[in-house]
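Asks: The following block contains a protein sequence and its predicted model.
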Amino acid sequence: MQSSLSFPIKVTKTSLHASKTDAAFWQSQPYIQRLKALEQIRQEFHQWQYGVQPRLQRVYTVLKR
């Protein structure tokens with residue numbers, strides 16, 4: 001399943017002190033852009049960690065009568 005969210009990949013090297021500008025950059029982005037970036041990071045993490053695409057988790061509830 002191919003994701004419909006695609007972003008051009010841009011890699012830059014920065015110092016550890018540049019994190020203040022990172023926060024300012026993301027705060028300046030529209031919320032939908034931030035959510036798309038977060039979803040892409042989540043999918044990449046699942047692919048790296050588990051080697052599969054994330055799926056809906058099944059939840060079972062046991063009721064004691």
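Replies: Here it is on my side, so go on.

Asks: From here on, just use CA atoms for contacts and neighbour counts.
Replies: OK.

Asks: Kindly indicate whether Ile41 is helix, strand or coil.
Replies: Assigned with DSSP: H, G, I helix; E, B strand; the rest coil, Ile41 falls in the helix class.

Asks: if I pick it, what's in contact with it?
Replies: The neighbours of Ile41, taking Cα atoms under 8 Å, 6 or more residues apart in numbering as the test, come to nothing; the list is empty.

Asks: Quick check: it vs Gln47, distance?
Replies: 10 Å (Cα to Cα, to the nearest Å).

Asks: From Thr21, how far off is Gln27?
Replies: Taking Cα to Cα as the measure, Gln27 falls 10 Å from Thr21.

Asks: Over to Arg42?
Replies: Counting by Cα to Cα, the gap from Arg42 to Thr21 is 22 Å.

Asks: now swap in Val11 and tell me
Replies: Computed as Cα to Cα, the Val11 to Thr21 distance reads 16 Å.

Asks: So for Tyr31, what's the pLDDT?
Replies: According to the prediction, Tyr31 has pLDDT 92.

Asks: can you check Thr12 too?
Replies: Thr12 is assigned a predicted lDDT (pLDDT) of 73.

Asks: which SS class is it?
Replies: coil.

Asks: swap in Trp48?
Replies: Recorded secondary structure, Trp48: helix (three-state DSSP).

Asks: Around it, how many other residues sit close by?
Replies: Counted with other Cα atoms under 10 Å, the neighbours of Trp48 add up to 11.

Asks: so how far is Pro30 from it?
Replies: For Trp48, the distance to Pro30 - Cα to Cα - is 27 Å.

Asks: ok so, going back, compare Val11 and Thr21 (neighbour count), which wins?
Replies: Legend: neighbour count by other Cα under 10 Å for Val11 and Thr21, higher for Thr21 (10 against 6).

Asks: Mind listing what's buried along the helix or strand containing Ala37?
Replies: Element membership for Ala37 (DSSP states H and E) is helix 31-50. By 16 or more other Cα atoms under 10 Å, the buried positions in helix 31-50 come out as Ala37, Gln43, Glu44.
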